[in-house]
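1. the sequence and its predicted three-dimensional model are supplied below.
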Amino acid sequence: METTMNIHAGVLKQITLAAQLKGLSRSEIIIILIKKVMDEKWKTVPVGRMVKYQKKCNPGDWHAFHLSLREDDYEYFLDLRKLLKMSVSLILAYAVDKYLQQLITCNITDNYRFIHYVVVKEIVEDTICWRFYWGCPPTLQKYF
């Protein structure tokens, strides 16, 4: 899937350097970084607040970056946006700040850690519930 992100020029510069050092595309670096955020153990998920965006600055400081994603990666990113109440570009800026140095210095062994994406709708006492699976648990069959 094709999409576009507004990335601050400073963040894009760091991503570009990491991509050169690791021999990967900038898109691959972005995907790896955002999946690092997916791995975090979030204690709470904000409810009842608007999505946060990056701080405003000069229009010339932004770059519209075109990104190709697998369909499941695209869905993961949208889920993170909804759950964390942060724009995907803000999640990326956070990931660059928190994980980029670690990514540069370590071996990348698995870019496709989450290879299955399943959404299950169930009704519990007249309440609609949605379950999002990032990956495939061995007992997934029992949920269908």
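-> Perfect, I can see it now.
2. from the chain's centroid, how far away is the longest helix anywhere in the chain?
-> Ranked by residue count, the top helix of the chain under DSSP state H comes out as helix 88-105. Put simply, helix 88-105 sits 10 Å off its chain's centre (CA atoms, centre = their mean, to the nearest Å).
3. helix or strand right after that helix?
-> Per DSSP states H and E, the first helix or strand lying C-terminal to helix 88-105 is strand 117-124.
4. hey, C-alpha coordinates of that next one in PDB?
-> This file holds the C-alpha atoms of strand 117-124, laid out as PDB (Å, rounded to 0.1, in the frame of the first residue of the first chain):
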ATOM      1  CA  TYR A 117      -3.100  -9.500  11.300                       C
ATOM      2  CA  VAL A 118      -6.500 -10.700  12.500                       C
ATOM      3  CA  VAL A 119      -9.500  -8.700  13.700                       C
ATOM      4  CA  VAL A 120     -12.300 -10.600  15.500                       C
ATOM      5  CA  LYS A 121     -15.700  -9.200  16.300                       C
ATOM      6  CA  GLU A 122     -17.600 -10.800  19.200                       C
ATOM      7  CA  ILE A 123     -20.800  -9.900  21.000                       C
ATOM      8  CA  VAL A 124     -20.600 -10.100  24.800                       C
END
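5. the helix or strand just after it pairs with which strands, parallel or anti?
-> Following strand 117-124 in sequence order, the next helix or strand is strand 127-134 (DSSP H and E). As defined by DSSP bridges, the strand partners of strand 127-134 come to strand 117-124 (antiparallel).
6. average pLDDT across the partner strand?
-> Averaging pLDDT along strand 117-124 gives 80.
7. what's the first-to-last distance across stretch 39-58?
-> End-to-end distance of stretch 39-58 (CA to CA, to the nearest Å): 32 Å.
8. so where's this structure uncertain?
-> 108-115, 137-138, 140-144 (pLDDT under 70).
9. quick check: closest non-adjacent residue to Ser87.
-> Take Ser87 and drop its neighbours on the chain: the residue closest to it by CB to CB, 6 or more residues apart in numbering is Tyr53, 4.7 Å away. (Each C-beta comes from the backbone N, C-alpha and C, glycine too.)
10. can you report how many residues lie near that neighbour?
-> 11 (other CB atoms under 10 Å).
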